[in-house]
Every structure is written in structure tokens, then in C-alpha cells.
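Trainee: sequence plus the predicted model coming up.
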Amino acid sequence: MTAPKDASMDSLIRLDHVHVRHKARSGGLFRRDAVHALTDASLEIRRGEILGLVGESGCGKSTLARVVTGLQRPTEGQVRFRGEDLWSLSPAQRREQFGPAVGVVFQDPSTALNPRLSVRRVIRDPLDVHRRGTPQEREARVRELLDLVGLPGHTLEALPGQLSGGQRQRVAIARALALDPELIVADEPTSALDVSVRAQILNLLVDLRERLGLGMVFISHDVQTVRYLADRVAVLYLGRVVEEGAASQVTADSRHPYTEALLSATPSLLERPERIVLHGPVPSATNPPSGCPFRTRCWKADDACATAFPTATEDTAGHRWHCVHPEPAAKAAAREAVVGTAADG
Ligand SMILES: Nc1ncnc2c1ncn2[C@@H]1O[C@H](COP(=O)(O)OP(=O)(O)OP(=O)(O)O)[C@@H](O)[C@H]1O
């Protein structure tokens, strides 16, 4: 999927060498274990583009989302918002300048919305907090937002519990859009919904992006969804960005074995010759393997992988990967040839 032609693609948020370490929950009284939720993550989020973040559970996707939304201060590294260091702004500046620019949609709208507030109050809340316009203007904006997310006017009086899961997620999206943000961070926004409404919510996000020129960080376990939605994709493994690039490159010509394994598990037209089954869970983020974190599950790993995290290799199109034994380039062309031969025959 390509960005709308008028979308400006310059940098909105930039993460430079961001680390997030938490205190381990089970560290014991005298232990000082740290959970390495994010390690040396560098990423750029450009205006008007959809960046897809993929990886298995526990790889650091939500932590990255919290860093991007300013909810989590990095332990190390910098977050730049429109070129300025976010954490050198005063709390008031962060609230006034950064807060309205980034909206968040969480996974489960049943827990993200206050069950005691009507839909009107839920959507109007950010407008009240940021004192946007007169009461009449706020009411008009609430109705405009309701319309934008495809909900009928009578739902304004409803409580979240009286709505379906899909309708609740539309309310959450309306609230995220209230302050006219430049970026929406959507953390697995369809995974708690019935399969039947997932496509509707995805289509709504695509539609909003095209109508409003919104940028988006879209987080998912599901590479197929990300391939459909995103302009660029970043693949996370154990707190590290292991591959990044245009969605078409990363999904058709993945170079990192982990990405290849994720893709091989996804049925698609570009069928992988065989499914790669990864053995065992993602290792503990409290004690990640030395060198490449994927080496303990990688079928190509050797001693070279144990020494240091591989430096990035980048092609001329900006596709980057961190692997000393990458998958061969131009697999997509080879696969097309195979599919073409089979179809011709
Ligand atoms: N507040 C916290 N305290 C301690 N450890 C944490 C905290 N938040 C996250 N972690 C740990 O950091 C790592 C990354 O977690 P994160 O939630 O970012 O992963 P994720 O990829 O979003 O997973 P999921 O898809 O299951 O939501 C995990 O090992 C997690 O247990």
C-alpha cells in the first residue's frame, strides 16, 4: 500500500539508540535483575506514513509504542519530536505540544474506555482537558468525530458496555482523533475483536489515514495484516529492531531469518517453500543471549553470531537488517519465476 501522494514524508518522531530497562518483577530482595524490554532501538516515524511493528509476544512492541507516545521515558537514548528532544521539554511543553500530536488506540476497548462515561463524555474528554473551543464547538467536534468513525448520532448517549466490541473500538478511535493528531499509535487494535469486525476496523484506519493524512504506528503479531496496511515495517526480536524497510521489501524479500520464519508461518500468494518452525519460546528479556538475540532459535547460527549484535547492512532502498548470515537477496524474483512456471504449465 502506498502513501497518499500529498502526504509529506518528513520525520515526525525519531528514536535514536533507545534502551528501556525495567526492574525485574521477580528479582528478589537482593537481586538487581533488569528486564531489557528495548535495546538500542533506532527508528524514524515519518509524517503521513504507516509504520508496522511486528514480532512475537514479549519482543518489545508495546514498550516501543509507549516510548513513541511519550508514556515511557527511555532509560538511555533520545526521542526526537519534530527534531526536538522530547525529554528535554518541560512537562507542560510535553503536555501541550506533544500530547495533542499523538493519539493512542489500545488493544482492548472494553478496558480502555471508562465504563461509567457516556460515549459523548469519552470523546469530549481530551477536548475538555486541553480546553479546545467553546462548549458548543466541542459538542460540534464530538458529532463530527462520531460521523468520521461511522457511528450513528444516538450512540452519543450510550455507555461503552451497551455497544458492540467494534463500536467501542470506533469510539476509542474517535477519542484518539479528537485533538487532530498527526500520528495514531494503534497497539493491536483488532486482536480483541471478533474476526467478523476486524476488517471493518482496519478499513476504517486506512480510510482515516487517506482522508486526514494521518501517520500511524500499527502494532501486530500478524505479518499479513501489516503487509496489507503498512508502508514500512520494523521487525522486533527480544527488544531489538532486527529488520526494517519498505513493507514490500521486508515481506517479499526478507533478509533476516526471524522475519523469514514469521512470514513462512503466514499463508500468502508468495508461498514460502516450507514452513519454518521455531523451537522454544523467545528467551528471557532478563538474560538475553549474547550477540544476536535470535541465535538460540536460528537454524543458521554459528560462533560468529555469539560475539556481538550484528551491525546493520543497508541496501540502496533503505532496507536494513542485522544478520551475519542473511537470507539471499531477490528471493521474491525467484519465487515469482516458480509461481509463473507452475501457472504456465
Ligand atoms: N513494567 C514492566 N516491568 C517489568 N517488565 C516489563 C514491563 N513492561 C514490559 N516488561 C517486559 O518487557 C518485555 C517486552 O514487553 P512488551 O509488552 O513491550 O512486549 P510485546 O511485544 O508488546 O508483547 P505482547 O505482544 O505480548 O504485548 C517483556 O519481557 C515484558 O515482560
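Mentor: Structure received. On a predicted model such as this, the values are computed, not experimentally measured, just so you know.
Trainee: only C-alpha atoms from now on, for both contacts and neighbour counts.
Mentor: Fine.
Trainee: can you check the pLDDT for residue 30?
Mentor: You'll see residue 30 listed with a pLDDT of 57.
Trainee: ignore the last one, residue 11
Mentor: At residue 11, the pLDDT value in this model is 88.
Trainee: now it, nearest residue through space, not along the chain?
Mentor: Nearest residue to residue 11, sequence neighbours excluded (Cα to Cα, 6 or more residues apart in numbering): residue 46, at 4.2 Å.
Trainee: contacts only, for that neighbour.
Mentor: Residue 46 makes contacts with 9, 10, 11, 12, 13, 215, as judged by Cα atoms under 8 Å, 6 or more residues apart in numbering.
Trainee: for the stretch 51-200 of the chain, which segments count as strands?
Mentor: Shown for the stretch 51-200 of the chain, the strands assigned by DSSP state E, counting those that start in this stretch span residues 76-81, 84-85, 102-105, 183-187.
Trainee: okay, these, which one's buried deepest?
Mentor: Of all those, strand 183-187 carries the top mean neighbour count, a mean of 24, counting by mean count of other Cα atoms under 10 Å.
Trainee: check the offset of that one from the chain's centre.
Mentor: 7 Å (Cα atoms, centre = their mean, to the nearest Å).
Trainee: which residues touch it?
Mentor: 47-48, 62, 65, 68-69, 101-107, 176-177, 214-220.
Trainee: near the ligand, which of those residues show up?
Mentor: residue 62 (Cα under 6 Å from any ligand atom).
Trainee: among the contacts of strand 183-187, which are located in helices?
Mentor: 62, 65, 68, 176, 177 (DSSP state H).
Trainee: for residue 239, which residues are in contact?
Mentor: 36, 37, 38, 39, 41, 59, 60, 61, 285.
Trainee: next one: phi and psi at it?
Mentor: phi 80, psi 0 (degrees, to the nearest 10).
Trainee: separation between it and residue 182?
Mentor: 26 Å (Cα to Cα, to the nearest Å).
Trainee: pass me the low-pLDDT residue ranges in this structure, would you?
Mentor: Within the chain, the segments meeting pLDDT under 70 span 1-9, 25-32, 267-273, 331-345.
Trainee: how about the nearest residue to residue 302, chain neighbours excluded?
Mentor: Residue 302 sits nearest to residue 295 (Cα to Cα, 6+ apart), 7.9 Å away.
Trainee: number of residues surrounding that neighbour?
Mentor: Residue 295 has 20 neighbours, counted by other Cα atoms under 10 Å.
Trainee: if I pick residue 123, what's in contact with it?
Mentor: 142, 171, 172, 174, 175, 178.
Trainee: nearest to residue 278, of those?
Mentor: Among the contacts of residue 123, residue 172 lies closest to residue 278 (Cα to Cα), at 35.5 Å.
Trainee: pretty sure the closest one is touching residue 105, no?
Mentor: Yes: contact criterion Cα atoms under 8 Å: residue 172 and residue 105 qualify, at 6.2 Å.
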